[in-house]
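A.B. asks: pasted the sequence and its predicted model underneath.
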Amino acid sequence: METSMDKEEGFDRNDFGSEEEYRLYCLRHSTAHVMAQAVQRLHPAARLAIGPPVEDGFYYDIEIPDVTLSEDDLSAIEAEMKKIVKENQPFEMEKVDRVALREQLVAAGQPYKVEMLDGFDDPISVCRNPSKKTGETWVDMCAGPHVMRTGQCKHFKLLKIAGAYWRGDSTRPQLQRLYGTVWPTREELDQYIFRLEEAKKRDHRKLGQQLDLFMFHDYSPGCAFWLPNGETVYHVLADRMRSMLLSEGYVAVRTPQLFDKKLWETSGHWDHYQENLFHFAEGHFHEGEEAEGENRILGMKPMNCPSHMLIFGSRKRSYRELPLRVHDQGVLHRNELSGALSGLTRVRQFSQDDAHIFCAEDQIADEIERLLELVERVYGAFGMGMKIHLSTRPAEKLGDDDLWDRAEGALREGLERRGIDFGIKEGDGAFYGPKIDFDIYDALGRGHQCATVQLDYQLPRRFELSYVGADNALHTPVVIHRAIVGSFERFIGVLIEHYAGNFPVWLAPEQVRVMTVSEKSLEHGRAVLDALRAAGVRVTFDDGDAKIGYKIRECHGKKVPYMAVIGAKETEDGTVAIRSRDDGDLGTMTVADFVEKVRSEGVVPF
RNA sequence: GCCGGGGUAGCUCAGUCGGUAGAGCAGCUGAUUCGUAAUCAGCAGGUCGUCGGUUCAAGUCCGAUCCUCGGCUCCA
């Protein structure tokens, strides 16, 4: 694919990871132009904002006075885009005089372009798309780069339409964002659409219902009800995380839900996070009534860290206790905006494999190294890859550069000691300390943020924590906020989609379903059920009078890993005929062999 | 919270121009006792998210509201 790069200045190809990335960038950005041109052909009054490439596609933010587009309008825009592609207009870049362009944009009623122009340094350039067919030339202020001609933007599809604030600012006007995807070839476009459809089939909300894992109810928005199957998955996971951490030298605690507002003032949440805190006045009173007298405000915890600060500060601490690793699976509440809630990925109530490590500064690198080993062990067990980044000091930060140098150095040392290949996100750290970001990749190659490791120098100071060092002087501990799977709610959502609902035996809520061919085999069926139950296998019994084919179909629908078919032959031999969800008919084996098989596959692999 | 979709039986969905609410699956009952992805018949199942309005008449039109979906935003 040809691009216009050679003709342009101010663009460095090295800004892109690869030649392919660069070409896709050009293609996607160019197709955004084609879409904007199409929209302006259909709606001449359309005001354009920005139209950047994004992962797998592009969007363009557009405002059309008095017109609200809906997804039904996308096909008309696509049709117009096809014409533009067919006209094979060239993309012609030209540097222009900013004053003249500004006048033109004002005259054309393009307030967003004007606003952008005023924020740009010279040189200012426009992109022209002359059409031989219509004789018109479409112009957009743009820095490029583009492909050579609109004919290259052939394999596109518009996907959705959504509201988006101008410059992401909710006090500014809301524009209409049109999303599309585009690929160099028809095959790649088809593959992408196929991938979207596959992802839809795996949607954890759909599978959650199909597999009876969880539900939601209008009366508790953003809070999952874990049904028996889902609760099993939750429990297996949470229990394993807990036992793993205990064997890694952590201690577990359980802490309150409700705290006096003073705690949140101390931690800083009241100033910085109040809108996400569920809080209310203490005392007895009814709806609409004012609480009598001086009632203190209670807030539900959105994080466990303040509780753990209180525990650490509850008595004199010695350096000999460090590192003190405090694990807490407490339930957390965050008052997320109603419009932000989404399945298990964005909830108001959840719990985490949370822990805070109190340590001395010279213990940080060791702790980081240990943590990284755990993260790799856990995600390796799920067959998930990851990319790791070190996020360094942001512009607005607390603490001097010397402190940050040491903090970033300690994280870097931990990463290097484990031989981890990591990137740097400059300035992406929290204001209270640097952090390590983990991007976890699932079976469809989609990234998720679950694990987190953050250094915090500020919170212990706010709580005036200290320990007595070997030098008999008081020192302030450093805190490491860390979670491996993060919110169990979100992580189970990710797992459901990663496995497409086909949980491995160790995680499957129902590991085996025993099913009889006819009622003549009921007795042996019950014996098999009892044997499996006695071995601790999660097993159910389908003793209905449906045909075996029906039972198998039903069982596949629930994605149970093993079916134990019991007919006359098995009854006579005292065996079971095993059908695997993933590998089909496995033939006949003894009950004892099957129990052993399920038990060995049921062992948690981390 | 904001913009735009959506909410009809347990689930998936149909319902035309405003004129007596439908299907498949699931459920229940009965028949059937069957060997690896759907046995047959019958029955039952609904205040069309909720509240209000327009109308002789509202699932359908209007308004409000709740939930949900796609985004924005937020995630110190």
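C.D. replies: Now that the structure is in, tell me what you want to look at.

A.B. asks: for the closest residue to residue A:467 other than its chain neighbours, list the residues it contacts.
C.D. replies: Distance criterion C-beta to C-beta, 6 or more residues apart in numbering; nearest residue to residue A:467, sequence neighbours excluded, is residue A:317 at 3.9 Å. Placement of C-beta: from N, CA and C, glycine included. Taking C-beta atoms under 8 Å, 6 or more residues apart in numbering, we find residue A:317 in contact with A:324, A:358, A:465-468, A:477.

A.B. asks: top of these by neighbour count?
C.D. replies: Neighbour counts for these, by other C-beta atoms under 10 Å, peak at residue A:477, which reaches 26 neighbours.

A.B. asks: now that residue. Its backbone dihedrals?
C.D. replies: phi -70, psi 160 (degrees, to the nearest 10).

A.B. asks: so who does the residue lying closest to residue A:395 once chain neighbours are set aside touch?
C.D. replies: Of all residues not flanking residue A:395 in the chain, residue A:427 sits nearest, at 6.3 Å (C-beta to C-beta, 6+ apart). Counting by C-beta under 8 Å, 6+ apart, residue A:427 touches A:391-395.

A.B. asks: closest to RNA strand B among those?
C.D. replies: Comparing these against RNA strand B with C-beta to the nearest atom of the strand places residue A:394 closest, at 9.0 Å.

A.B. asks: for the closest residue to residue A:363 other than its chain neighbours, give me phi and psi.
C.D. replies: Setting aside the residues directly before and after it, residue A:363 is nearest to residue A:323 in space (C-beta to C-beta, 6+ apart), at 5.3 Å. Note on residue A:323: its backbone torsions stand at phi -70, psi 140 [degrees, to the nearest 10].

A.B. asks: same question for the one 5 residues further on.
C.D. replies: When quoted as degrees, to the nearest 10, the phi and psi of residue A:328 stand at phi -150, psi 120.

A.B. asks: the nearest residue to it once chain neighbours are set aside: neighbouring residues, count only.
C.D. replies: Nearest non-adjacent residue to residue A:328, counting by C-beta to C-beta, 6+ apart: residue A:304, 4.6 Å away. Residue A:304 has 24 neighbours, counted by other C-beta under 10 Å.

A.B. asks: my guess is residue A:304 contacts residue A:356. True?
C.D. replies: Yes - using C-beta atoms under 8 Å, residue A:304 is in contact with residue A:356, at 7.2 Å.

A.B. asks: RNA strand B contacts on the stretch 1-150 of chain A?
C.D. replies: Within the stretch 1-150 of chain A, the positions near RNA strand B by C-beta under 7 Å from any atom of the strand are A:68, A:70-71.

A.B. asks: local confidence estimate at residue A:14?
C.D. replies: The model reports residue A:14 with a pLDDT of 58.

A.B. asks: about what we covered before: how about the contacts made by the residue nearest to residue A:363?
C.D. replies: A:357-360, A:363, A:366-367.

A.B. asks: most neighbours among the residues you listed, which one?
C.D. replies: Neighbour-wise, the contacts of residue A:323 (other C-beta under 10 Å) top out at residue A:357, 27 neighbours.

A.B. asks: just say helix, strand or coil for it.
C.D. replies: When classified by DSSP: H, G, I helix; E, B strand; the rest coil, residue A:357 comes out as strand.

A.B. asks: show me the beta-bridge partners of it.
C.D. replies: residue A:325, residue A:480 (DSSP bridges).

A.B. asks: look up how far residue A:397 lies from the residue nearest to residue A:395.
C.D. replies: From residue A:427 across to residue A:397, the span is 9 Å (C-beta to C-beta, to the nearest Å).

A.B. asks: for the nearest residue to residue A:180 once chain neighbours are set aside, phi and psi?
C.D. replies: Closest residue to residue A:180 apart from its sequence neighbours, by C-beta to C-beta, 6+ apart: residue A:158 at 4.5 Å. Torsion angles at residue A:158 (phi, psi; degrees, to the nearest 10) stand at phi -80, psi 140.

A.B. asks: does anything pack onto the helix or strand where residue A:99 lies? Which helices or strands?
C.D. replies: Element membership for residue A:99 (DSSP states H and E) is helix A:98-107. Judged by 3 or more C-beta pairs under 8 Å, 6 or more residues apart in numbering; DSSP states H and E, the packing partners of helix A:98-107 are helix A:111-119, strand A:124-130.

A.B. asks: which positions in stretch A:216-231 come out as buried?
C.D. replies: Using 16 or more other C-beta atoms under 10 Å as the test for burial, stretch A:216-231 gives A:216, A:222-224, A:226-227, A:229-230.

A.B. asks: return the residues in contact with the residue nearest in space to the middle of chain A.
C.D. replies: Centroid-nearest residue in chain A: residue A:448, 3.7 Å away (criterion: C-alpha atoms, centre = their mean). Contact analysis of residue A:448 by C-beta under 8 Å, 6+ apart lists A:439-442, A:490, A:494.

A.B. asks: swap in 7 Å and give it another go.
C.D. replies: A:440, A:442, A:494 (C-beta atoms under 7 Å, 6 or more residues apart in numbering).

A.B. asks: my read is that the first one contacts residue A:452, right?
C.D. replies: No - contact status for residue A:440 versus residue A:452: not in contact, 11.1 Å apart, counting by C-beta atoms under 7 Å.

A.B. asks: which of these two has more residues huddled nearby?
C.D. replies: Ranked by neighbour count (other C-beta under 10 Å), residue A:440 and residue A:452 place residue A:440 first, with 23 against 17.

A.B. asks: wait, a strand at that one?
C.D. replies: Yes - secondary structure of residue A:440 (three-state DSSP): part of a strand.

A.B. asks: bridging residues for it?
C.D. replies: With DSSP bridges as the rule, residue A:440 is bridged to residue A:386, residue A:448.

A.B. asks: SS state for the residue of the stretch 301-450 of chain A with the smallest separation from RNA strand B?
C.D. replies: With C-beta to the nearest atom of the strand, the shortest gap between the stretch 301-450 of chain A and RNA strand B falls at residue A:339, namely 2.2 Å. Secondary structure, three-state DSSP: residue A:339 is helix.

A.B. asks: burial of it, as a residue count?
C.D. replies: Per other C-beta under 10 Å, the neighbour tally for residue A:339 reads 7.

A.B. asks: what does the pLDDT read for it?
C.D. replies: Here, the pLDDT recorded for residue A:339 equals 85.

A.B. asks: for it, give its distance to residue A:355.
C.D. replies: From residue A:339 across to residue A:355, the span is 32 Å (C-beta to C-beta).
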